[in-house]
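1. A structural model of the following input is requested.
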Amino acid sequence: MDLVVEVYKVSGGFPRRETYSLGDQIRRAAVSVPSNIAEGQAHFKPREFLHFLRHASGSLAEIETQMIIAQRLEYVSEAGVKQVLEHVHEVGRILNGLIASVTKQAA
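-> Predicted coordinates:
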């Protein structure tokens with residue numbers, strides 16, 4: 001959820017014209033990460049949980065791509081992108097560990 005807060009802070013500085021396009025897309029991808037983890041866990045079945053964890057992983061990739069786009073368009077500073085990407089990579093490591101663990105359970 002810290003990633004979501006960071007994305008909202010950084011994307012808040014995007015140009016007004018990006019409020020409902022790139023800004024909205026990146027915020028939705030960020031919210032999708034913890035939401036998919038929570039929803040998957042609530043199903044109580046390892047295979048279903050894996051499905052949602054993989055969606056969360058895909059959303060992390062979206063955030064990374066969209067932050068790089070935002071930087072190239074000069075909507076966000078290099079420092080802002082670095083901060084978000086550090087969170088993305090940290091969550092990615094945790095998520096990959098969780099996927100590996102649940103995969104063992106599902107087998």
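2. start from the N-terminal end of this structure and give the helices.
-> 2-11, 22-42, 46-72, 78-106 (DSSP state H).
3. format those as a markdown table; extra columns: mean neighbour count.
-> Backbone N, C-alpha and C define where each C-beta goes, glycine included. Supplementary listing: those in a markdown table, determined by neighbours: other CB atoms under 10 Å:
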| stretch | mean neighbour count |
| --- | --- |
| helix 2-11 | 18 |
| helix 22-42 | 19 |
| helix 46-72 | 18 |
| helix 78-106 | 15 |
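4. mind putting these in a markdown table, mean pLDDT included?
-> Listed next are the helices of the chain as a markdown table, based on pLDDT from 0 to 100:
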| stretch | mean pLDDT |
| --- | --- |
| helix 2-11 | 96 |
| helix 22-42 | 96 |
| helix 46-72 | 96 |
| helix 78-106 | 95 |
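5. okay, stretch 19-31 in PDB with CA atoms only?
-> The C-alpha trace of stretch 19-31 is given here as PDB (Å, rounded to 0.1, in the frame of the first residue of the first chain):
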ATOM      1  CA  THR A  19      -5.400  13.500 -15.100                       C
ATOM      2  CA  TYR A  20      -7.700  11.100 -16.900                       C
ATOM      3  CA  SER A  21      -5.200   9.300 -19.100                       C
ATOM      4  CA  LEU A  22      -1.700   8.400 -18.000                       C
ATOM      5  CA  GLY A  23      -2.200   9.600 -14.400                       C
ATOM      6  CA  ASP A  24      -5.400   7.600 -14.000                       C
ATOM      7  CA  GLN A  25      -3.900   4.500 -15.700                       C
ATOM      8  CA  ILE A  26      -0.800   4.500 -13.400                       C
ATOM      9  CA  ARG A  27      -2.900   5.000 -10.200                       C
ATOM     10  CA  ARG A  28      -5.300   2.200 -11.200                       C
ATOM     11  CA  ALA A  29      -2.400  -0.100 -11.800                       C
ATOM     12  CA  ALA A  30      -1.000   0.800  -8.400                       C
ATOM     13  CA  VAL A  31      -4.300   0.200  -6.600                       C
END
